[in-house]
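1. Below are the sequence and a predicted model; questions follow.
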Amino acid sequence: MSDRPTSDSPLIFDRVFDPRHGERVAVSPLVARVTANNPGPFTFHGTNTWLVGTSELAVIDPGPDDPAHVAAILAAVGSARVTAILVTHTHRDHSPAAAALQVATGAPIWGEGPHRPARPLDLGEINPMDASSQGAFRHDRVLGDGDVVSGPDWTLEAIATPGHTANHLCFALAEEKTLFTGDHVMAWSTSIVAPPDGAMVDYMASLRRLMARDDRLLLPAHGAGIGEPLAFLRGLEAHRLGREAAVFAAFRRAAERPEYRIEKRPALRGRQGMWALVNEAGAVLKRGHELGPVLAPVERRLMKLVEG
């Protein structure tokens, strides 16, 4: 039995999920999934590829570059016709199979755009998430916020949800009030938001945008669906704000240490000072590897802190 958050409960993750790798699993009259056999620490049991429609289908997140998974998708399609290939974002577990699926079906590939960082890189900075992205992603048609792709019995609206990546989209199925959330919201875990690939400011704005919707079901790209969207989204927001508060507290403790006082060490102004405090806060928290994903929303305030 899986746990679900209620409107006044803390965030509780649902890790009960049978991937049934390679099988067609019906979720509703209009939706089926095929889960790729690419389990891992970031993909859980694998990438969920979603098939939407009956006679003419949209395929959402065709998944990794895996011929066996592409063959499983085509088997699940059967005698139906694929008319659209939609990509939530361009990480390697989501988009690479689009090319092979297009060759097999002739369907156009739709996406927000090529992979890019959420902000310009600083001098000498590298994007540690580059290896996880598909830099060579090619799409036929661009999807912007509010754009619609439709078939005989389905209508999918693109919902811009930057944060996890700059080019992340969710897709809203109007006929069933279902939202395909990609990696933006998942039942089994929080999403990685790692600057400069992603941005927590954008992520939180996108999260609150989803909270204003009335979707009945969220279907992520990894793990189980979320049947009480608003309660879960509220819990997720509270969790993120709690992490931000912990980071602020660590920075305040670090900033109070004598060796980090600006008047004693003027060289700590600006970014040099910010990253000195980052390192110190990491030591205070003893979990420095988790600081990166939560720094984006506080960077501007941190700059004010170290500039005195």
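-> That came through fine. Numbers count the residues shown, from 1 in each chain.
2. what does stretch 63-76 rub up against?
-> Here stretch 63-76 makes contact (CB atoms under 8 Å, 6 or more residues apart in numbering) with 22-24, 32, 34, 36-38, 47, 49, 51, 59, 62, 92-94, 96-97, 100-101, 104-105. From N, CA and C alone the C-beta is placed, and that goes for glycine too.
3. for that stretch, which positions count as buried?
-> Neighbour-count burial for stretch 63-76 flags 63-66, 69-70, 72-74, 76 (criterion: 16 or more other CB atoms under 10 Å).
4. Could you tell me the average pLDDT over that stretch, please?
-> Taken as a whole, stretch 63-76 has a mean pLDDT of 97.
5. can you tell me which of the contacts of stretch 63-76 are in helices?
-> 97, 100-101, 104-105 (DSSP state H).
6. Arg116: which of the residues you listed is nearest?
-> The nearest member of these to Arg116, counting by CB to CB, is Ala97 at 21.0 Å.
7. Roughly how far does the closest one sit from Thr47?
-> Using CB to CB, to the nearest Å, Ala97 is found at 9 Å from Thr47.
8. residue boundaries of the strands in this structure?
-> 25-26, 31-35, 48-52, 56-60, 81-86, 109-111, 141-142, 148-151, 154-160, 169-173, 178-182, 217-220 (DSSP state E).
9. Given the first one, what are its sheet partners and their directions?
-> Yep, that's strand 25-26 we're talking about. Strand pairing for strand 25-26, determined by DSSP bridges: strand 31-35 (antiparallel).
10. gap between the strand it pairs with and the chain center?
-> Its chain's average C-alpha position is 19 Å from that of strand 31-35, according to CA atoms, centre = their mean, to the nearest Å.
11. Contacts for that strand next, please.
-> Contact partners of strand 31-35, identified using CB under 8 Å, 6+ apart, comprise 19-27, 45-52, 69, 72-73, 76, 173, 176, 178, 219.
12. how about a cut-off of 6 Å?
-> 19, 21, 24-26, 46, 48-52, 72-73, 76 (CB atoms under 6 Å, 6 or more residues apart in numbering).
13. Roughly how far does Val148 sit from Pro41?
-> 35 Å.
14. more neighbours, the two?
-> The neighbour comparison of Val148 against Pro41 (other CB atoms under 10 Å) goes to Val148, with 12 against 6.
15. That one pairs with what?
-> Glu157.
16. Distance of it relative to Ala80?
-> Val148 is 20 Å from Ala80, by CB to CB.
17. Ranked by average pLDDT, which of the strands of the chain falls at the bottom?
-> strand 141-142 (a mean of 92).
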